[in-house]
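Novice: Give me a model of this one.
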Amino acid sequence: MTYQPANTESSFIPATEYFPPDDAALRLKLTDIYSKAAAAINLKEIALYEEFEQLTGKQFYNPADPQKRRNGFRRVFSFGAIAAGATLPITHGIKGIVQTTFIGGCCTTAIDSRSVPYASVANVNQQIEIQSTPTQIIITNGAAAPAITSGYVSIEYLKN
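Specialist: Now for the predicted structure:
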């Protein structure tokens, strides 16, 4: 039983269900259950991290039309070495981004693995910065940071 508007329901599937003995009613019930299960599954995050554009399964509210959600997309990029104090621009080639919703990743250095972005409370010159522009992802390694040998960065976004 639902006590809120349909557009505020979460992707919850009941663990039990009543199935009517009548064939016509059963067919309607099974169709309804299938539709609800498919919708709930499709609302879960799709955990594929590919080099090509993927639907994430995430849906964002739309200020222009609250009844029409906007789909999130994701792309992942691998990158190579970045020396201490250097900047690496990665041309992403994504057309029509209206909002970045997440950008981040991980990298390997000669001494450890670090998140991107990386913040050090002890040494601000060892931080790793990441930015996105309409055409690039820009990673800057801190001047006193260990050299980055490789890494992955993921960008999630909304499109027109």
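
Novice: what's the burial count for the nearest residue to residue 46 once chain neighbours are set aside?
Specialist: Nearest residue to residue 46, sequence neighbours excluded (CB to CB, 6 or more residues apart in numbering): residue 57, at 4.1 Å. C-beta: built from backbone N, CA, C; applies to glycine. When counting by other CB atoms under 10 Å, one arrives at 17 neighbours for residue 57.

Novice: May I have the phi/psi pair for residue 57?
Specialist: Taking degrees, to the nearest 10, you get phi 90, psi -10 for the backbone angles of residue 57.

Novice: which residues touch it?
Specialist: The contact partners of residue 57, by CB atoms under 8 Å, 6 or more residues apart in numbering, come to 42, 43, 44, 45, 46, 72.

Novice: pLDDT value on the last one, please?
Specialist: Translated: residue 72. Here the pLDDT value assigned to residue 72 is 94.

Novice: so where does it fall, helix or strand?
Specialist: For residue 72, the host element (DSSP states H and E) is strand 70-79.

Novice: repeat for residue 30
Specialist: Using DSSP H and E, residue 30 sits within helix 23-42.

Novice: Could you do residue 15 as well?
Specialist: Going by DSSP H and E, residue 15 is not part of any helix or strand.

Novice: gap between it and residue 25?
Specialist: 21 Å (CB to CB, to the nearest Å).

Novice: Of the two, which one has the most company?
Specialist: residue 25 (11 against 5).

Novice: Spit out the contact partners of residue 31.
Specialist: Contact analysis of residue 31 by CB under 8 Å, 6+ apart lists nothing.
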